[in-house]
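**Student:** Okay, sequence plus prediction incoming.
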Amino acid sequence: MRSNEIKKGAVRAPNRCLVYATGVSSHDMGKPFIGIASSFTDLVPGHIGMRDLERFAERGIAAGGGVPFIFGLPAICDGISMGHSGMHFSLPSRELIADSIECVTRAHCLDGLILLTNCDKITPGMLMAAARLNIPAIVVTAGPMMTGTYKNKRRSLVRDSFEAVGQFEAGKMDEEELTALEMSACPGAGSCQGLYTANTMACLTEAMGMSLPGCGTALAVSAKKRRIAYESGIRVVELVKQNIVSRRIMTPNAFRNAIVADMALGGSTNTILHLPAIANEAGIKLPLELFDEISKIVPHIASLEPAGDHYMEDLDRAGGVPAVLSVLQKKLQSSMTVSGRNILEIAKESEVLDKEVIHSSKPYHAEGGIAILKGNIAPLGCVVKQAAVKDKMKVFSGPARVFDSEEAAMEAILKKKIKKGEVIVIRYEGPRGGPGMREMLSPTSALQGMGLSDSVALLTDGRFSGGTRGPCIGHISPEAAEGGPIAALKDGDIIMIDIPKRQLNVRLTETDINVRLAKWSAPANKFKFGYLSRYPRMVGSASTGAVLK
């Protein structure tokens with residue numbers, strides 16, 4: 001056991017003394033030490049129910065013959081931090097989480113980990129740590145939130161609060177209804193109800209084999225989720241005894257299976273950042289081209305909000321991730337899971353319980369949910385959630401309206417200065433330029449609420465929430481702060497989008513772009529002290545996962 005480093009030999013008497021001070025008995029010294037990396041906080045709705053899950057994970061570890069130790073980690077709610085300076089910190093927190101788990105686990109020589117997580121950057125940060133540490137680990141995601149109810153209709157965060165802002169500004173909704181919606185859309189604990197980043201990553205974690213079957217969709221505060229936490233505790237001790245470490249699960253096949261599930265579900269574009277970053281920690285490269293290669297051969301079989309009208313509670317009722325995998329059996333590759341069963345075995349033994357939610361025979365779209373575009377604006381690539389784009393907007397061209405920040409674009413949108421047929425360009429919001437690559441849910445939701453999503457496109461070197469829908473293209477690489485071509489764009493330039501052909505171009509010659517860029521100079525960092533003053537110097541391109549160098 002790795003914990004023997006602090007438990008064995010006379011020279012470790014002082015170490016044991018301090019362990020005994022925590023209340024551990026001498027009988028426990030012979031058992032595996034299992035860390036519960038908990039991101040519980042009162043600040044994040046997706047995490048407020050974790051105290052309960054900690055108890056069940058502890059019970060499971062003890063029942064399995066291990067000794068549980070809870071330690072805490074930071075968690076940021078993307079929804080609460082959205083649309084203001086707080087969003088700069090969201091993506092960078094991913095690396096802080098991975099580093100924190102590494103520090104605690106290695107300093108205390110833990111034998112295994114339960115990774116208790118839920119929301120957008122916390123889950124990938126924990127998976128990065130698992131891959132880096134390469135010890136036995138199981139992820140327990142705390143579960144999706146139930147939908148709210150208002151006027152006898154199911155409600156959720158994005159359509160019924162973020163998009164309501166645009167409807168209010170357009171005069172389609174009064175203040176009384178806006179207030180009623182914000183009080184009812186999110187009724188309690190859990191990650192937001194649609195297939196946004198948190199729930200996408202929960203599903204992909206299960207498809208990758210790092211969670212027990214059913215974990216990705218089991219609802220927050222449900223007995224099912226409690227049982228999964230308990231069973232994960234028992235199982236992680238068994239993984240320790242068998243020395244089944246994370247990289248035996250997180251193989252190239254496992255990552256490919258996660259991408260297959262992602263395309264079939266029509267998940268968040270943020271997975272294009274997170275899966276490569278996690279794979280990087282496991283010593284595996286996931287180029288952007290692989291995502292597009294898989295997207296072209298995997299059908300889109302589930303349409304959850306924001307692209308469709310179903311929610312995570314519907315997907316869970318329909319059989320969850322195992323049911324999705326059952327439809328995709330011929331696209332999957334053999335891979336071990338933390339349950340001890342092969343992913344192909346899980347897929348074969350599962351079935352779709354509601355074919356209105358999971359289309360087992362007639363897919364929503366022949367291709368997967370995400371497409372990778374390239375062109376003279378994005379030579380290294382960019383990302384669009386094509387499953388959430390209406391057919392008439394998949395080929396689109398129009399004059400650019402260029403903004404150097406999200407705030408400037410949002411002001412123009414709310415003041416009704418954006419015209420139909422235009423292409424909004426928001427730059428200097430990439431990993432380095434932001435810094436932190438902010439999500440653009442506020443402007444995209446405002447466009448949707450104001451009825452412009454079918455007539456206006458949006459490009460950015462920043463990123464989008466999983467809740468974004470419409471012709472919104474993000475992760476443009478190289479970013480503006482690196483002197484990428486997006487930095488050369490001006491108002492009135494004609495932008496040409498062709499999603500079926502995977503192209504994004506501006507009607508300029510290479511010479512035109514180079515002449516403009518010759519006059520360009522890098523902007524100063526917006527942050528003069530603290531973590532975000534250092535982050536831009538270390539962070540890499542969005543095209544490779546925005547990992548730190």
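**Tutor:** Cool, the structure landed. Note that the structure is predicted; figures quoted are calculated from it, not measured.

**Student:** Can you tell me the centre-most residue of the chain?
**Tutor:** By C-alpha atoms, centre = their mean, the chain has its centre lying nearest to Thr197, at 3.6 Å.

**Student:** who are the neighbours of whichever strand or helix holds Gly125, in terms of helices and strands?
**Tutor:** For Gly125, the host element (DSSP states H and E) is helix 122-133. Contacts defined by 3 or more C-beta pairs under 8 Å, 6 or more residues apart in numbering; DSSP states H and E place helix 122-133 against helix 90-107, strand 112-117, strand 137-141, helix 197-208, helix 246-249, helix 271-281. For the C-beta atoms, the positions are set from N, CA and C on the backbone; glycine is no exception.

**Student:** 10 Å instead?
**Tutor:** strand 33-38, helix 90-107, strand 112-117, strand 137-141, helix 197-208, helix 246-249, helix 271-281 (3 or more C-beta pairs under 10 Å, 6 or more residues apart in numbering; DSSP states H and E).

**Student:** what sits up against the shortest one?
**Tutor:** What that stands for is helix 246-249. Applying C-beta atoms under 10 Å, 6 or more residues apart in numbering, the external contacts of helix 246-249 come out as 112-113, 115, 127, 129-139, 208-210, 239, 242, 254, 281-284, 335-339, 343.

**Student:** on that earlier part again, could you dump the helices and strands packed on helix 122-133 into TSV and include mean pLDDT and distance to Arg317?
**Tutor:** Listed next are the helices and strands packed on helix 122-133 as TSV, based on pLDDT from 0 to 100; distance: least, C-beta to C-beta, whole Å:
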stretch	mean pLDDT	distance to Arg317
strand 33-38	98	28
helix 90-107	98	31
strand 112-117	98	23
strand 137-141	98	17
helix 197-208	97	14
helix 246-249	98	27
helix 271-281	97	23
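
**Student:** okay, these in TSV with distance to Lys528 next?
**Tutor:** Below are these laid out as TSV (distance: least, C-beta to C-beta, whole Å):
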stretch	distance to Lys528
strand 33-38	32
helix 90-107	16
strand 112-117	32
strand 137-141	37
helix 197-208	30
helix 246-249	38
helix 271-281	26
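
**Student:** out of those, which comes closest to Pro187?
**Tutor:** When the helices and strands packed on helix 122-133 are compared by C-beta to C-beta, helix 197-208 sits nearest Pro187, at 16.2 Å.

**Student:** what's near enough to touch the residue nearest to the centre of the chain?
**Tutor:** Contact analysis of Thr197 by C-beta under 10 Å, 6+ apart lists 78, 90, 119-121, 123-124, 191, 267-271, 273-274, 439, 463-467.

**Student:** so where's the chain shaky on pLDDT?
**Tutor:** Along the chain, the model assigns pLDDT under 70 to residues 467.

**Student:** That one: strands as residue ranges?
**Tutor:** For the chain, the strands defined by DSSP state E cover 33-38, 67-72, 112-117, 137-141, 148-150, 153-155, 371-373, 381-384, 395-403, 423-426, 457-460, 472-477, 494-498, 503-506.

**Student:** mind putting those in a markdown table, mean neighbour count and distance to Thr179 included?
**Tutor:** Output for the strands of the chain, formatted as a markdown table (neighbours: other C-beta atoms under 10 Å; distance: least, C-beta to C-beta, whole Å):
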| stretch | mean neighbour count | distance to Thr179 |
| --- | --- | --- |
| strand 33-38 | 26 | 34 |
| strand 67-72 | 18 | 34 |
| strand 112-117 | 29 | 32 |
| strand 137-141 | 31 | 31 |
| strand 148-150 | 15 | 11 |
| strand 153-155 | 16 | 13 |
| strand 371-373 | 24 | 38 |
| strand 381-384 | 27 | 34 |
| strand 395-403 | 18 | 30 |
| strand 423-426 | 26 | 29 |
| strand 457-460 | 28 | 28 |
| strand 472-477 | 28 | 28 |
| strand 494-498 | 19 | 37 |
| strand 503-506 | 20 | 40 |
